[in-house]
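K.L.:
only geometry, no sequence info:
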């Protein structure tokens, strides 16, 4: 009977220590997420023609942390599925950019060939090429629309994950404000501070 209080005390201490560790890791996870949100939204704003000076190596953030042996991130602590979603969307965005770039390169090669033939033969072979220029513009617009959707979906996804993380570990939403550049996201409150827009996620209760 004498051992039970001691055992209970040890278990309680271990439980408190575990909660403290998890809380610390949750804070790091939240810091990662707000960096990612701002970075993604900055990329989206650039697609709309806005001049954005915000820059963060969001694509390499997690790989750099893992390379340093620091595993305490939102990706491998809080929700491992985040990494799968991240990888899939980033891969998709890179493929869209690659195809757009390939279209520009192909058009440039064809233009060079057409100009060379026109110069040699004296016949305007460049005119048929100019006729397909609208297709190049279509590729550009389609690529930007697709990228915009990818960035929007990822940003909204991480906003929702941030809200869930803060609520689960009782972290203050005000401590995890983030820069935002475009908008249109669900579940955030945006405030203007000087020339910048700063957002904070709404609580779960506020969304109900």
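P.N.:
Cool, the structure landed. Just so you know, these numbers come straight off a predicted model, no measurement behind them. Residues are numbered from 1 along each chain as shown.

K.L.:
quick one: residue 150 and residue 89 touch, right?
P.N.:
Yes. Between residue 150 and residue 89 there is a contact under C-beta atoms under 8 Å: 5.6 Å. The C-beta positions use only the backbone N, C-alpha and C, and glycine is treated the same way.

K.L.:
next SSE downstream of the helix or strand residue 86 falls within?
P.N.:
Assigned by DSSP states H and E, residue 86 belongs to helix 81-121. Following helix 81-121 in sequence order, the next helix or strand is helix 126-131 (DSSP H and E).

K.L.:
can you give me the helices in the protein?
P.N.:
Using DSSP state H, the helices of the chain run over residues 3-47, 61-67, 81-121, 126-131, 133-168, 204-207.

K.L.:
and the third one, how far out from the chain middle?
P.N.:
Taking the mean of its C-alpha atoms, helix 81-121 sits 22 Å from the chain's own mean (C-alpha atoms, centre = their mean, to the nearest Å).

K.L.:
stretch 192-202 too?
P.N.:
Taking C-alpha atoms, centre = their mean, the mean C-alpha location of stretch 192-202 is offset from the chain mean by 18 Å.

K.L.:
same thing with stretch 136-144?
P.N.:
22 Å.

K.L.:
list the buried ones in that stretch?
P.N.:
139, 143 (16 or more other C-beta atoms under 10 Å).

K.L.:
quick revisit: mean pLDDT and distance to residue 182 added to the helices of the chain, as a markdown table?
P.N.:
Shown next, in a markdown table, are those (pLDDT from 0 to 100; distance: least, C-beta to C-beta, whole Å):
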| stretch | mean pLDDT | distance to residue 182 |
| --- | --- | --- |
| helix 3-47 | 69 | 5 |
| helix 61-67 | 62 | 20 |
| helix 81-121 | 85 | 16 |
| helix 126-131 | 75 | 34 |
| helix 133-168 | 90 | 8 |
| helix 204-207 | 58 | 21 |
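
K.L.:
now tabulate the ones you listed in TSV and tack on distance to residue 188.
P.N.:
Conversion of the helices of the chain to TSV gives the following (distance: least, C-beta to C-beta, whole Å):
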stretch	distance to residue 188
helix 3-47	9
helix 61-67	21
helix 81-121	19
helix 126-131	45
helix 133-168	6
helix 204-207	11
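
K.L.:
what's the closest of these to residue 193?
P.N.:
Nearest to residue 193, of all those, is helix 3-47, at 13.9 Å by C-beta to C-beta.

K.L.:
list the contacts of residue 173.
P.N.:
Applying C-beta atoms under 8 Å, 6 or more residues apart in numbering, we find residue 173 in contact with 163, 166, 200-203.

K.L.:
what about residue 187, distance to residue 44?
P.N.:
17 Å (C-beta to C-beta, to the nearest Å).

K.L.:
out of those two, which sits in the more crowded spot?
P.N.:
Using other C-beta atoms under 10 Å, the more surrounded residue of residue 187 and residue 44 is residue 44, with 24 against 16.

K.L.:
the closest residue to the more buried one other than its chain neighbours: how many residues sit nearby?
P.N.:
Distances taken as C-beta to C-beta, 6 or more residues apart in numbering place residue 151 nearest to residue 44, at 3.9 Å, with adjacent residues excluded. For residue 151, the neighbour count with other C-beta under 10 Å is 22.

K.L.:
I'd assumed residue 90 was in contact with residue 151.
P.N.:
No. Using C-beta under 8 Å as the test, residue 151 is too far from residue 90 to be in contact (10.5 Å).
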